[in-house]
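In: Pasting the sequence and the predicted model now:
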Amino acid sequence: MRKWLWGILAFLVIAAIAFFTLAPGYVENSMNKVEPVALKITPRARAMHATLQIADMHADTLLWKRSLLDRSSRGQVDLPRLLDGNYALQVFSSVTKTPKGQNYDANSADTDNITSLAIADLQPIRTWGSLLQRSLWHATRLMRYADASNGRLRLIRTPAELDRLLADRAAGKKVVGAMLSIEGLQDLEGKLANLDRLHDAGFRMAGLAHFFDNDVAGSMHGEAKGGLTPLGVRVVRRMEALGMVVDVAHSSHATIAQVIAMAHRPIVASHGGVQATCKVNRNLTDEEVRGIARTGGVIGIGYWDAAICSNKPEAAATAIAHVRDLVGIDHVGLGSDFDGAVTTGFDSSQIAAVTQALIDRGFSDADIAKVMGGNVLRLLRAGISPQG
């Protein structure tokens, strides 16, 4: 009898080890895919790209169980690939909750996929039942990566830190900045005071909603799709005061309209597309693009099918050109959603493909520099400064 018990115990131990070792990678491999498209990058494009300050407003890499510092065969972003792509800054989001059966049309807030992922990843137990603690853990992870990177990855929290980063890059140092964002303020857990805790942890941007309505704002993909709640109005005002950029990606049309109307500082739609070139529910209408631009804001264009109806860099350039023609070149940038359960045609190491697509579309060198990072860096530098 004892042999049977020991056998069962051994089997359970082996099964547990296999699950916690293999399951996280299997899940990510099934969700963050690169399906390569033909990329023809000319010497001119490579030379120009090497002079640019690349800045991307959204990647979900912190959600997954792999080291940001090591080159990986999984996903779309890690530090070696960011260096290959000549990135100056990558904004990393904290994803704390996603609904089962996630879709772009309507989702309930009653289910959550991230709890099982947190357990499978062996995250601290405090993160298993708290959305706030999940974001704080993501902040801790990014700080640990920066501390262990030998100076190659720098956490950016102030305009001065951003200025030093860009000055060091101009002097030839191979360094990348990392900034923290939040994908859906359900991690406030209904308490405005938690916004200050998140700011203290390093978060400098936040999306109001993700794939479901929360107690701050309605989602484009929620059931009610309402606007800002009374708490949400207070949150937006507090974000502006603290120096946290307000992100309306995934927000409902009603929420976007309210935020545009009340904004005292530039806002962003960090990642997505425009309905004029890809009529998908999550993308922005021309009226919304104009409204975001009126605040001085920037629209981040992604590279996956639901954002640009393709995974080719040429389609991203088409969306970028539409925003330029509608509101001007100063209001468009990059918002990849890399590692956000999307399939793309290239990863962060190959971002020069977008530079090539903009050249091919006739963008000037100065306008390419703005799109590939200049606009985002300008907005973030101003936006993360506390309101005087």
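Out: That came in fine, so what should we check first?

In: okay, now residue 190: neighbour count?
Out: Neighbour count of residue 190, defined by other Cβ atoms under 10 Å: 12. To be clear about C-beta, it is placed using only N, CA and C from the backbone, and glycine gets the same treatment.

In: which SS class is it?
Out: coil (DSSP: H, G, I helix; E, B strand; the rest coil).

In: shouldn't residue 197 be in contact with residue 130?
Out: No: using Cβ atoms under 8 Å, residue 197 is not in contact with residue 130; the gap is 11.8 Å.

In: what's the spacing between the closest residue to residue 50 other than its chain neighbours and residue 155?
Out: Counting by Cβ to Cβ, 6 or more residues apart in numbering, residue 50 lies nearest to residue 86, which is 6.1 Å off, once chain neighbours are set aside. Plainly put, residue 86 is 20 Å away from residue 155 if you go by Cβ to Cβ, to the nearest Å.

In: now do residue 32
Out: Taken as Cβ to Cβ, the span from residue 32 to residue 155 is 23 Å.

In: do the same with residue 67
Out: If you go by Cβ to Cβ, the gap between residue 67 and residue 155 works out to 16 Å.

In: Looking at the two, which has the bigger crowd around it?
Out: A count of neighbours by other Cβ under 10 Å puts residue 155 above the other of residue 67 and residue 155, at 19 against 14.

In: SS state for the residue nearest in space to the middle of the chain?
Out: The chain has residue 58 as the residue nearest its centroid, 2.0 Å off, counting by Cα atoms, centre = their mean. The local conformation at residue 58, judged by three-state DSSP, is strand.

In: For it, which non-adjacent residue is spatially closest?
Out: residue 271 is the one closest to residue 58 (Cβ to Cβ, 6+ apart), at 3.8 Å.

In: Checking that neighbour next. Helix, strand or coil?
Out: Under three-state DSSP, residue 271 comes out as strand.

In: What is the neighbour count of it?
Out: Neighbours of residue 271 using other Cβ under 10 Å come to 33.

In: can you check the one 3 residues further on too?
Out: For residue 274, the count of nearby residues is 26 (other Cβ under 10 Å).

In: Surely it is in contact with residue 319?
Out: Yes: between residue 274 and residue 319 there is a contact at 5.5 Å, judged by Cβ under 8 Å.

In: Common neighbours of these two, please.
Out: residue 301 (Cβ atoms under 8 Å, 6 or more residues apart in numbering).

In: For the residue nearest to residue 58, list the residues it contacts.
Out: Counting by Cβ under 8 Å, 6+ apart, residue 271 has contacts 57, 58, 249, 300, 302, 307, 335, 336, 337, 340.

In: let's go with 6 Å and repeat that
Out: In this structure, residue 271 makes contact with 58, 249, 300, 302, 335, 337, judged by Cβ atoms under 6 Å, 6 or more residues apart in numbering.

In: Tell me the secondary structure of the second one, please.
Out: So the one you mean is residue 249. Reduced to three states by three-state DSSP, residue 249 is coil.

In: Report the contact partners of it.
Out: 207, 269, 270, 271, 272.

In: Give me the nearest residue to residue 118, chain neighbours excluded.
Out: residue 127 (5.0 Å).

In: doesn't residue 136 make contact with the one you found?
Out: No: with contact defined as Cβ atoms under 6 Å, residue 127 does not count as touching residue 136 (8.2 Å).

In: OK, contacts around the residue nearest to residue 118?
Out: By Cβ under 6 Å, 6+ apart, the neighbours of residue 127 are 118, 133, 134, 137.

In: Show me where the stretch 1-150 of the chain has its strands.
Out: 33-34, 54-59, 87-94 (DSSP state E, counting those that start in this stretch).

In: Please, where are all the helices along the stretch 51-200 of the chain?
Out: 79-84, 114-120, 131-147, 159-170, 193-200 (DSSP state H, counting those that start in this stretch).

In: With mean neighbour count added, can I get those in TSV?
Out: Putting the helices of the stretch 51-200 of the chain into TSV (neighbours: other Cβ atoms under 10 Å) gives the following:
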stretch	mean neighbour count
helix 79-84	20
helix 114-120	17
helix 131-147	20
helix 159-170	15
helix 193-200	17
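
In: Which one of those has the poorest average confidence?
Out: Averaging pLDDT over each of the helices of the stretch 51-200 of the chain singles out helix 114-120 as the lowest, with a mean of 93.

In: packing partners for that one?
Out: For helix 114-120, there is no helix or strand it packs on, judged by 3 or more Cβ pairs under 6 Å, 6 or more residues apart in numbering; DSSP states H and E.

In: Show me how far it is from its chain's centre.
Out: Here helix 114-120 is found 20 Å from its chain centre; the criterion is Cα atoms, centre = their mean, to the nearest Å.

In: roughly how far apart are the closest residue to residue 163 other than its chain neighbours and residue 221?
Out: Excluding the flanking residues, the one nearest residue 163 by Cβ to Cβ, 6+ apart is residue 381, at 7.6 Å. Residue 381 sits 31 Å away from residue 221, going by Cβ to Cβ.

In: higher neighbour count, those two?
Out: The neighbour comparison of residue 381 against residue 221 (other Cβ under 10 Å) goes to residue 221, with 23 against 17.

In: do you know how far the residue nearest to residue 151 when sequence neighbours are not counted is from residue 338?
Out: Using Cβ to Cβ, 6+ apart and skipping residues adjacent in sequence, the residue nearest residue 151 is residue 175, 6.6 Å away. Plainly put, residue 175 is 19 Å away from residue 338 if you go by Cβ to Cβ.

In: Show me which of those two is the more surrounded one.
Out: Ranked by neighbour count (other Cβ under 10 Å), residue 175 and residue 338 place residue 338 first, with 29 against 18.

In: Might you report the residue contacts of that one?
Out: 59, 76, 77, 348.

In: between these, which is nearest residue 93?
Out: Of all those, residue 59 has the smallest distance to residue 93: 6.9 Å, by Cβ to Cβ.
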